[in-house]
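Enquirer: this is a predicted model, with the sequence first.
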Amino acid sequence: MIAATCLALVLWSEARGESRLGQLLVAEVVVNRVLSDEFPDSVCEVVQQPGQFSVGSTTTDELQQLAESVLDDRVE
């Protein structure tokens, strides 16, 4: 899932030292932008907009799973 990988890379860069709640809040910002008419319609396009997010070059299995859960709307 390419969108989940883009989101996981942002979570690593922006929120790797945060609690799960902090990570979820960063993910929520990205998802809300995807759903907004004012931003692109894909996670990857949203996170790659200039000056918006730091996109890492690595991530972790845990953050990848969290990103997949957020995008699948399975977060508890």
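Expert: Now that the structure is in, tell me what you want to look at.
Enquirer: ok, the residue nearest to residue 43 when sequence neighbours are not counted - how many residues close by?
Expert: Nearest residue to residue 43 in three dimensions, chain neighbours excluded: residue 3, at 4.0 Å (C-beta to C-beta, 6 or more residues apart in numbering). In this view, the C-beta of every residue, glycine as well, is placed from N, C-alpha and C. Neighbourhood size, residue 3 [other C-beta atoms under 10 Å]: 20.
Enquirer: just the one 5 residues further on next, same as before
Expert: Residue 8 is flanked by 27 other residues according to other C-beta under 10 Å.
Enquirer: sticking with it, tell me its helix or strand.
Expert: helix 2-15 (DSSP states H and E).
Enquirer: what's the following helix or strand after that helix?
Expert: From helix 2-15, the next helix or strand downstream (DSSP H and E) is helix 20-35.
Enquirer: check what contacts whichever helix or strand comes after that following helix and list those residues.
Expert: For helix 20-35, the following helix or strand on the C-terminal side (DSSP H and E) is helix 43-47. Outside helix 43-47, the residues within contact range by C-beta atoms under 8 Å, 6 or more residues apart in numbering are 2-4, 6-7, 9-10, 30-31, 33-34, 39-40, 52-53, 55, 71.
Enquirer: what does stretch 50-64 give?
Expert: 4-6, 8-14, 16, 23, 30, 46-48.
Enquirer: from these, keep the buried residues only.
Expert: 4-6, 8-14, 23, 30, 46-47 (16 or more other C-beta atoms under 10 Å).
Enquirer: re the thing from before, can you tell me which residues contact the residue nearest to residue 43?
Expert: 42-44, 71.
Enquirer: how far away is it from residue 50?
Expert: 19 Å (C-beta to C-beta, to the nearest Å).
Enquirer: same question for residue 70.
Expert: Counting by C-beta to C-beta - residue 70 and residue 50 are separated by 24 Å.
Enquirer: now find how far off-centre stretch 7-26 is within its chain.
Expert: 7 Å (C-alpha atoms, centre = their mean, to the nearest Å).
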